[in-house]
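Student: For reference, the sequence and a predicted model appear below.
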Amino acid sequence: MTLATQVNDQQQSITISGLNKSYDHTAKGELHYILKDVNLTIKSGEFFVLLGPSGCGKSTLLNMIAGFVSKTDGQLKVGKSEVEKPGQDRAVVFQQADASLFPWLNVRQNVEFGLKMKKVDKARRNEISSYYIELVGLQGHEQKYPRELSGGMKQRVQLARVLANDSSILLMDEPFGALDAMTRRTMQKELSHIWRQTGKTVIFVTHDISEAVLLGQRIGIMSRGPNSKVTDIYDVPLHYPRDPGQPDFIKLEKTIQAHFDHEYSI
């Protein structure tokens with residue numbers, strides 16, 4: 001079953017121009033911007049990382065792309081369509097898998113939930129769920145419930161469910177932030193492999209420079225908030241799978257660290 005072929009037909013670029021987000025007004029009646037004048041283009045099938053310190057608006061921007069948070073003004077398009085609400089073309093993977101998994105459903109039932117809501121027949125649901133359960137390395141655990149799974153396994157279930165729903169864009173909000181270091185590295189490698197297998201567009205939020213360099217084709221640097229924006233974009237010309245011990249990896253990591261050191265020294 002070549003599910004990646006289905007995805008390629010759905011892929012669309014994301015275009016952001018002059019995007020602003022304000023939540024409230026100051027005492028003087030001036031707008032208080034969380035995001036100010038964000039300009040960014042993300043190509044179809046790209047693995048793009050949004051990197052920045054906590055509180056800089058990374059998650060807000062991701063939620064705006066998802067359609068969960070409305071813009072104040074500016075443009076935010078997926079393909080030719082302005083984003084006004086959530087859509088089936090965009091799926092979100094959260095940091096805490098417990099918030100999205102149904103505890104009364106086992107692994108297979110969780111993965112098949114969206115397909116069942118779409119009224120996909122049972123045989124096809126089983127075929128699709130089996131494919132993605134194997135892809136994320138959960139074969140043999142299909143009958144287990146979330147309470148019986150480790151944190152890393154729960155994230156695998158969440159990822160398999162998103163992939164099974166066949167959204168062309170994956171929005172990932174620090175999905176490995178709550179995992180221990182060893183599990184996190186395993187999941188990073190798995191995600192990189194899955195992205196290369198499926199060809200989906202991935203937008204990945206993190207504040208970890210090493211994680212950004214390990215995963216992204218391009219890294220968008222967000223400035224400190226408020227009035228945060230994407231100030232710089234770094235290309236990552238390293239082959240997959242990547243080795244954090246390679247000289248070129250370390251060099252780029254240090255370059256990006258120096259960028260943040262300079263910004264915070266101002």
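Tutor: Arrived safely, thanks for sending.
Student: Please name the residues that touch residue 219.
Tutor: Applying C-beta atoms under 8 Å, 6 or more residues apart in numbering to residue 219 gives the contacts 48-49, 51, 212-213, 233-234, 236, 256. All C-beta atoms are positioned from the backbone trio N, CA, C, and that covers glycine.
Student: host element of it?
Tutor: strand 218-222 (DSSP states H and E).
Student: Parallel or antiparallel, list what pairs with that strand.
Tutor: Its sheet considered, strand 218-222 pairs with strand 47-51 (parallel), strand 230-235 (antiparallel) by DSSP bridges.
Student: what about stretch 177-185, how long is it end to end?
Tutor: In stretch 177-185, first residue to last residue: 11 Å (C-alpha to C-alpha, to the nearest Å).
Student: pLDDT of that stretch, averaged?
Tutor: What stretch 177-185 shows for mean pLDDT is 86.
Student: and the nearest residue to residue 191 once chain neighbours are set aside, how far is that from residue 206?
Tutor: Of all residues not flanking residue 191 in the chain, residue 215 sits nearest, at 6.8 Å (C-beta to C-beta, 6 or more residues apart in numbering). Residue 215 sits 8 Å away from residue 206, going by C-beta to C-beta, to the nearest Å.
Student: Quickly list what's touching both of these two.
Tutor: Both residue 215 and residue 206 are in contact with residue 49, where contact means C-beta under 8 Å, 6+ apart.
Student: What is the neighbour count of the nearest residue in space to residue 48 that is not next to it in sequence?
Tutor: Leaving aside its chain neighbours, residue 48 sits nearest to residue 42 (4.8 Å; criterion: C-beta to C-beta, 6+ apart). Number of residues near residue 42 (other C-beta atoms under 10 Å) recorded here: 22.
Student: per-residue confidence for residue 42?
Tutor: So residue 42 comes in at 96 (pLDDT).
Student: Show the backbone phi and psi for it.
Tutor: phi -120, psi 120 (degrees, to the nearest 10).
Student: contacting residues around the residue nearest to residue 191?
Tutor: 47, 49, 188, 191-192, 204.
Student: What distance do you get for it to residue 189?
Tutor: According to C-beta to C-beta, residue 215 and residue 189 sit 10 Å apart.
Student: And for residue 206?
Tutor: 15 Å.
Student: Who has more neighbours out of the two?
Tutor: Higher neighbour count among residue 206 and residue 189: residue 206, with 23 against 15, using other C-beta under 10 Å.
Student: and stretch 221-232, how far apart are its ends?
Tutor: Using C-alpha to C-alpha, the end-to-end distance of stretch 221-232 comes out at 5 Å.
Student: For it, give the mean pLDDT please.
Tutor: The average pLDDT within stretch 221-232 is 90.
Student: same thing with stretch 105-115?
Tutor: 95.
Student: how about it: buried residues?
Tutor: 106-115 (16 or more other C-beta atoms under 10 Å).
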